[in-house]
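Visitor: Got a sequence here, can you model it:
(one chain, ligands or ions: 3)
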Amino acid sequence: MNVLTWDELDDTQRAEALRRGTAAAGPEVTAGVTDILAQVRERGDDALRELTARLDGATVADLRVTPQERDTAAAALDADLRAAITEAAGRIRTFHEAGMQQGYAVETAPGVVCERVVRPIRRVGLYVPAGSAPLPSTALMLGVPAQLAGCPEVVLCTPPRPDGTADPAVLAAAAECGIEQIYLVGGAQAIAAMAYGTETVPACDKLFGPGNAWVTEAKRQVSTAEGGPGIDLPAGPSEVLVIADAGADAEFVAADLLSQAEHGPDSQVVLLTDSRALAVAVATQVEEQVESLPRADIARKALASSRLVVTPDLATAVEVSNDYAPEHLILALRDASDWVPRIDRAGSVFLGDHTPETLGDYCSGTNHVLPTAGAARFTGGVNVGAFQIAMTVQRATPQGLAAVGPCAVTLSEAESLHAHQRAVTRRLARTQGQP
Ligand SMILES: NC(=O)c1ccc[n+]([C@@H]2O[C@H](COP(=O)([O-])OP(=O)(O)OC[C@H]3O[C@@H](n4cnc5c(N)ncnc54)[C@H](O)[C@@H]3O)[C@@H](O)[C@H]2O)c1
Ligand SMILES: N[C@H](CO)Cc1c[nH]c[nH+]1
Ligand SMILES: [Zn+2]
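Guide: Ligands and ions are numbered 1, 2, ... in the order given. This is a model prediction of the structure:
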C-alpha cells in the first residue's frame with residue numbers, strides 16, 4: 001500500500017484518495033437487479049429456483065427450511081461453536097434491550113394528553129449473507145433485535161450452499177433467535193421475494209440486513225417503488241477507517257485493516273495518522289500479514305482501493321474521517337476517549353489498542369449491521385427501535401379543546417383550510433362552559 005501525504009494532495013487527489021470502490025454498484029448492477037426483481041415479481045418461486053441455479057450454482061427443490069431441519073442442523077454443530085453463538089446472542093441481547101423504544105405520555109395543555117405508543121413491525125424480512133462466507137453472526141445481529149421488539153413474524157433468507165442446503169451455523173443462530181421461517185435464497189432475488197412475496201416466501205413490511213452490491217441495490221429499488229417495504233439502511237461492502245498516533249502498534253493496526261479487507265474485493269480500508277513512521281510500519285505489516293491469510297486474494301483486491309494517509313495532525317485526521325463517515329472507526333490513540341466528542345459521523349467507534357473491530361462484528365454486544373458508503377452521515381446501525389413503530393395517541397377533554405382549539409383555528413385560517421377550522425369551532429360552539 002502506498003503512503004500518501006494529505007498536505008501534498010490537491011482537492012481532486014484528496015477526493016480520489018478517499019473514493020470508495022463503486023464499480024460493483026454501477027449501471028450493470030442497477031439494470032441486472034431491475035431484471036431480477038421483475039422476474040421474481042412475475043414468476044415467483046420458479047424464478048427463484050432458476051436464479052438460484054444460475055447465480056449460486058445450487059438446485060433447491062424445497063425453498064423452505066423447516067424448524068425440524070433447522071434444529072437437526074444446529075444440534076449437529078460443533079459444541080464450541082454452538083456455545084459461542086449462545087454467548088454472543090446473550091451480550092447482543094443485553095446491549096440491545098437497553099435501547100428499545102419506550103412509550104411516554106405528556107399533558108401538553110390542561111386536558112390534552114399526547115402519548116407515544118410502541119408496536120412491533122408485523123412481518124420483518126432478514127437477509128443473512130452467504131456469498132463468499134456465510135455470516136451466522138449477522139443472523140444474530142438481526143434476529144436478536146427482532147425478537148426483543150416482539151415482531152410476530154420473522155422471515156430469514158440466506159443463499160444456499162452448492163449442495164442446496166443452508167449453512168448449519170446460520171441455522172443455529174436462527175434457532176437461537178426463535179426464527180421459524182427460513183428460506184434458501186440469496187442476492188437480489190431474496191430481496192425481491194421478501195418485498196413482493198412468492199408462493200412460498202411471504203411479503204414483508206420491512207427488510208433488514210447487509211449484503212453485496214446486488215443485495216444493497218435490490219433493497220434500494222424495492223423500497224423506493226410505490227407501496228414497497230421499508231428498509232433498514234444501506235449496509236453494503238464493509239469499510240474501516242483507523243486513526244492512529246505514533247504510539248499505536250503497527251501489527252494491530254494492520255490486522256484491523258485486513259479484517260475488513262478480507263470481506264470482499266469491494267471493501268475499503270483507510271489509515272489516517274500523523275506519524276509517517278507508523279504509516280510505513282503498517283504498510284510493511286499489511287504486506288507481511290496478508291500473505292498468510294486464506295482470503296489473501298480477496299483482501300489484496302480490496303487493498304487496491306485502500307489508502308494509508310499521513311495528515312499534518314490528528315485534528316485533521318478527525319476532520320477527514322468525519323467527512324468520509326466510515327462504517328467502522330478505530331481510534332488507535334493514546335487518549336482515544338478524549339477524541340470521541342469530536343467524532344460526529346461513524347457507524348461504530350472502537351477505542352484504544354485493545355478493542356479490535358472484530359469484537360463488534362461478533363460478540364461485544366453492539367450491532368454489526370452498519371451504514372456504509374457514507375450513509376453514516378444520516379443514520380446509525382441497526383437497533384431494536386428499527387423493528388418497532390412508534391405511533392402517537394391523543395385525547396382532549398372539552399377543557400383541553402378550549403385550551404388549544406383557538407391556536408388551531410388561527411393556524412387553519414392562515415392556511416385557508418376552513419374545514420379544518422370548523423372541525424374545531426363546531427365543537428367549541430357546543431362545549432363552551434363544559435368542564
Ligand atoms: N455493512 C454491513 O453492515 C455489513 C455486514 C456484514 C457483511 N457486509 C458485507 O456483505 C457482503 C456480503 O457479500 P457476499 O457476496 O459474500 O454475500 P451476499 O449473500 O450478500 O451475496 C451473495 C449473492 O449475490 C448474488 N450475486 C453474486 N454475483 C451476482 C451477479 N453477477 N449477478 C447477480 N447476482 C449476483 C447471488 O445471488 C448470491 O446469492 C460483503 O460485501 C460484506 O462486506 C456488510
Ligand atoms: N464487518 C462486517 C460488517 O461490515 C460484519 C461481519 C460479520 N462477520 C464478520 N464481520
Ligand atoms: Zn467483519
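Visitor: who in the stretch 1-150 of the chain is up against ligand 2?
Guide: Contact residues, the stretch 1-150 of the chain versus ligand 2 (C-beta under 6 Å from any ligand atom): L135, S137, T138. For glycine as for every other residue, the C-beta is placed from the backbone atoms N, C-alpha and C.
Visitor: On the three-state scheme, V270 is what?
Guide: strand (DSSP: H, G, I helix; E, B strand; the rest coil).
Visitor: For V154, see how far away it is.
Guide: Using C-beta to C-beta, to the nearest Å, V270 is found at 35 Å from V154.
Visitor: circling back: now secondary structure and pLDDT too, for the residues of the stretch 1-150 of the chain next to ligand 2, in a markdown table please.
Guide: Listed next are those as a markdown table, based on DSSP: H, G, I helix; E, B strand; the rest coil; pLDDT from 0 to 100:
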| residue | secondary structure | pLDDT |
| --- | --- | --- |
| L135 | coil | 98 |
| S137 | helix | 98 |
| T138 | helix | 98 |
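Visitor: and ligand 1, which of those residues contact it?
Guide: Near ligand 1, judged by C-beta under 6 Å from any ligand atom, the entries from those are L135, T138.
Visitor: With neighbour count added, can I get the residues of the stretch 1-150 of the chain next to ligand 2 in a markdown table?
Guide: Formatted as a markdown table, those follow (neighbours: other C-beta atoms under 10 Å):
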| residue | neighbour count |
| --- | --- |
| L135 | 24 |
| S137 | 22 |
| T138 | 28 |
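Visitor: list the contacts for the nearest residue to T138 once chain neighbours are set aside?
Guide: Leaving aside its chain neighbours, T138 sits nearest to V128 (4.9 Å; criterion: C-beta to C-beta, 6 or more residues apart in numbering). Neighbour list for V128: P134, L135, P136, T138, A139, L142, L156, C157, T158, V170, G209 [criterion: C-beta atoms under 8 Å, 6 or more residues apart in numbering].
Visitor: Number of residues surrounding the last one?
Guide: I take that to be G209. For G209, the tally of surrounding residues (other C-beta atoms under 10 Å) stands at 30.
Visitor: next one: the fifth one
Guide: Residues contacting A139 under the criterion other C-beta under 10 Å number 32.
Visitor: Not counting sequence-adjacent ones, nearest residue to it?
Guide: Computed as C-beta to C-beta, 6+ apart, the closest residue to A139 that is not its neighbour in sequence is A173, at 3.6 Å.
Visitor: Please identify which helix or strand holds that neighbour.
Guide: Per DSSP states H and E, A173 falls inside helix 168-176.
Visitor: And that helix, how far out from the chain middle?
Guide: 20 Å (C-alpha atoms, centre = their mean, to the nearest Å).
Visitor: Which elements pack onto the following helix or strand past it?
Guide: Toward the C-terminus, helix 168-176 is succeeded by strand 181-184 as the next helix or strand (DSSP H and E). When contacts are defined as 3 or more C-beta pairs under 8 Å, 6 or more residues apart in numbering; DSSP states H and E, strand 181-184 sits against strand 64-65, strand 153-158.
Visitor: Adjacent strands (with direction) for strand 181-184?
Guide: strand 64-65 (antiparallel), strand 153-158 (parallel) (DSSP bridges).
Visitor: Which residue ranges of the stretch 301-435 of the chain form helices?
Guide: 314-324, 336-339, 357-362, 398-414, 418-431 (DSSP state H, counting those that start in this stretch).
Visitor: Include mean pLDDT, distance to A304 and mean neighbour count when you put those into a markdown table, please.
Guide: Putting these into a markdown table (pLDDT from 0 to 100; distance: least, C-beta to C-beta, whole Å; neighbours: other C-beta atoms under 10 Å) gives the following:
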| stretch | mean pLDDT | distance to A304 | mean neighbour count |
| --- | --- | --- | --- |
| helix 314-324 | 98 | 18 | 18 |
| helix 336-339 | 98 | 29 | 15 |
| helix 357-362 | 98 | 21 | 19 |
| helix 398-414 | 97 | 58 | 15 |
| helix 418-431 | 96 | 60 | 13 |
